[in-house]
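Student: Fold the stuff below for me.
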Amino acid sequence: MAYKLEIRPLATMEILEAFDWYELQREGLGGEFLDELETFYNNLLRNPNSYSFYEKPVRQGKINRFPYVVVFEISDESVVVYSVFMTRQDPNKKRLA
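Tutor: Now for the predicted structure:
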């Protein structure tokens, strides 16, 4: 089954904040973060059921190279991304919807 990717506005905000922070650390690092995120999304869309549950029905998967997890739910023909969460934060702040 081919899934569509839906990124919720709060997740988009988190992605932009991470990009800006990484660019401040080193020019081009924000782009590397986005590349890793794109690779994660491609893998996610191929097999979203392979990722572990955070709290049913919400799942999460780790991005390579960066301390972030993508929090998502499979909904019919879509994969809905709720959060791109930095793992060094308090896990109670993780958005689930």
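Student: show me the residues around the spatially most central residue of the chain that make contact.
Tutor: Compute the mean C-alpha point of the chain, and by CA atoms, centre = their mean the closest residue is residue 70, 2.7 Å away. Shown in contact with residue 70 (CB atoms under 8 Å, 6 or more residues apart in numbering): 11, 37, 40, 41, 44, 60, 61, 63, 81, 83, 84, 85. From N, CA and C alone the C-beta is placed, and that goes for glycine too.
Student: out of those residues, which are buried?
Tutor: Neighbour-count burial (16 or more other CB atoms under 10 Å) applied to the contacts of residue 70 gives 11, 37, 40, 41, 44, 60, 61, 63, 81, 83, 84, 85.
Student: now, among those, which is nearest to residue 23?
Tutor: Among the buried ones among the contacts of residue 70, residue 37 lies closest to residue 23 (CB to CB), at 14.2 Å.
Student: tell me the secondary structure for the closest one?
Tutor: For residue 37, the secondary-structure state derived from DSSP: H, G, I helix; E, B strand; the rest coil is helix.
Student: Not counting its neighbours along the chain, what's nearest it?
Tutor: The shortest distance from residue 37 to any non-neighbouring residue, by CB to CB, 6 or more residues apart in numbering, is to residue 63 (6.0 Å).
Student: didn't that neighbour look like it was pressed against residue 85?
Tutor: No. Counting by CB atoms under 8 Å, residue 63 does not reach residue 85; the two are 10.0 Å apart.
Student: list residues touching both of these two?
Tutor: The contact lists of residue 63 and residue 85 share 69, 70, where a contact means CB under 8 Å, 6+ apart.
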